[in-house]
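>>> I would like to see how this sequence folds:
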Amino acid sequence: MKQKIKSFLILFQICLFTVNVLQKGCSSQVDQLQMFPTQGEKLQINLHVHLFEGEDLTYDLKDEYFKIVNPVANTGNSSIHATSATNIRSVKAFRSRQTQQWMNSFVFLDQSETEVSIFFSEGSIQDKIPTSDFKNKVKIAPVSNGLQCFDVEYIENNKFIIDCQKEVIEDQITKQTDVFYLYSKQTKDITSFEDEAFVKLYNQRYIGLYYQKSELGNETTYIVRVTPSYSLKPKEKPYQNPIVQTYILSKNDQPLLTNYLLDDVDTAILFRRSDLKFNIVDFKISYNGFIYLLDFLQGLVVVKLLQTGEWNLVHKFYEFEEKKYCLPSIIVKKRN
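All right, here's what the predicted structure looks like:
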């Protein structure tokens, strides 16, 4: 064993002299690097971090005992995107409900000056090599009345939901209206559902879906829509009142707004701090209904909407330190 380790170290030292760096402006950090592997162990060394200094370096190696592995390797050839995208607002992958595994189907939302469209590619779990081509384009709506679209999500593999906002004029008063567009690949139909908006948006908004089964086995689809602080008023610090809204998707695919609202009033109760200003800047949702909210100052917070319509604080991560609440569950009851 000692002889094998010694041979490995000698070969590695020789390797350093057989690595050619093709670009100029490169300097070697060390002349040799000692490592102590066990039998059968494979070791990988980052050349740029441990051995050489420089930018955009290309390495050439002539040695039978070592090889250079590129940090990223292409798995397939490039695919031609026939129709150019203008302003991509969101990209999502279709996931299995059970495992959350990518199924190699993808969609992105694009908004040009004249229309809102989605481009999607269709694949299966076996399609791990071909590059997505996004050859399917669907025009969702023309851009009129100040229409702005923010996010897209899969309802099923053959159904999409798009979150937007537009302006309407009633009695010479301009109001904001939230719009959900639903598109079915099976029927080719586009339907829309409108609600009076809580606030006017100036930037981004996010949506996510999760599924919950009752004790009787009935499944309910929830749509969570999150308005980050920086979208509420422009050119101000993110100390505004963020909004988390929840919808229930009816059997005929109509989003129905619930009174399960999460804002500064509720978050102050969750954290037991009346002076707390909650400032959402990002959001993700997991298949089990855990909602991850990234706060500008508080860090990462995990909440869950219970079947009773109450909010429960699950975790709080602050400055890379996880704090799990061992006190009795902190719950905010639903709005009347």
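>>> okay, CA-based contacts and neighbour counts for the rest of this
OK.
>>> name the nearest residue to the residue nearest the centre of the chain, sequence neighbours excluded.
Centroid-nearest residue in the chain: residue 284, 6.2 Å away (criterion: C-alpha atoms, centre = their mean). Leaving aside its chain neighbours, residue 284 sits nearest to residue 292 (5.1 Å; criterion: C-alpha to C-alpha, 6 or more residues apart in numbering).
>>> separation between the residue nearest to the centre of the chain and residue 119?
Residue 284 is 22 Å from residue 119, where distance means C-alpha to C-alpha, to the nearest Å.
>>> before we move on, what about residue 157?
Distance, residue 157 to residue 119, using C-alpha to C-alpha: 14 Å.
>>> neighbour-wise, which of the two wins?
Neighbour count, other C-alpha atoms under 10 Å: between residue 157 and residue 119, residue 119 has more, with 21 against 16.
>>> SS state for that one?
strand (DSSP: H, G, I helix; E, B strand; the rest coil).
>>> bridge partners for it, pull those for me.
Legend: beta-bridge partners of residue 119 under DSSP bridges are residue 108, residue 137.
>>> hang on, it packs against residue 136?
Yes - between residue 119 and residue 136 there is a contact at 5.5 Å, judged by C-alpha atoms under 8 Å.
>>> quick one: contacts for the residue lying closest to residue 102 once chain neighbours are set aside?
Closest residue to residue 102 apart from its sequence neighbours, by C-alpha to C-alpha, 6+ apart: residue 95 at 4.6 Å. Listed by C-alpha atoms under 8 Å, 6 or more residues apart in numbering, the contact set of residue 95 reads 101-103.
>>> please tell me how far residue 95 sits from residue 288.
Counting by C-alpha to C-alpha - residue 95 and residue 288 are separated by 13 Å.
>>> rewinding a little: hang on, the residue nearest to the centre of the chain packs against residue 293?
Yes - if you go by C-alpha under 8 Å, residue 284 and residue 293 touch, sitting 6.8 Å apart.
>>> coming back round to it: of the contacts of residue 95, just the buried ones, PyMOL syntax please.
Buried residues within these, by 16 or more other C-alpha atoms under 10 Å, are selected in PyMOL with:
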select buried, resi 103
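>>> which of the contacts of residue 95 fall within strands?
102-103 (DSSP state E).
>>> can you lay out the contacts of residue 95 as JSON lines showing pLDDT and distance to residue 142?
Listed next are the contacts of residue 95 as JSON lines, based on pLDDT from 0 to 100; distance: C-alpha to C-alpha, whole Å:
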{"residue": "101", "pLDDT": "78", "distance to residue 142": "34"}
{"residue": "102", "pLDDT": "77", "distance to residue 142": "31"}
{"residue": "103", "pLDDT": "81", "distance to residue 142": "30"}
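>>> closest to residue 140 out of the contacts of residue 95?
Nearest to residue 140 among the contacts of residue 95 is residue 103, at 23.8 Å by C-alpha to C-alpha.
>>> for stretch 252-270, buried residues please.
Judged by neighbour count (16+ other C-alpha under 10 Å), stretch 252-270 contains these buried residues: 254-255, 260-268, 270.
>>> now swap in stretch 97-108 and tell me
Buried, per 16+ other C-alpha under 10 Å, within stretch 97-108: 103-108.
>>> and the contacts of it?
By C-alpha under 8 Å, 6+ apart, stretch 97-108 touches 88-96, 118-125, 127-128, 132, 134, 152, 157, 287.
>>> OK, contacts around residue 86?
110-112.
>>> can I get those in TSV with neighbour count and distance to residue 190?
Converted to TSV, the contacts of residue 86 look like this (neighbours: other C-alpha atoms under 10 Å; distance: C-alpha to C-alpha, whole Å):
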residue	neighbour count	distance to residue 190
110	25	16
111	24	16
112	13	19
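>>> for the residues you listed, which one is nearest residue 187?
Nearest to residue 187 among the contacts of residue 86: residue 110, at 21.6 Å, using C-alpha to C-alpha.
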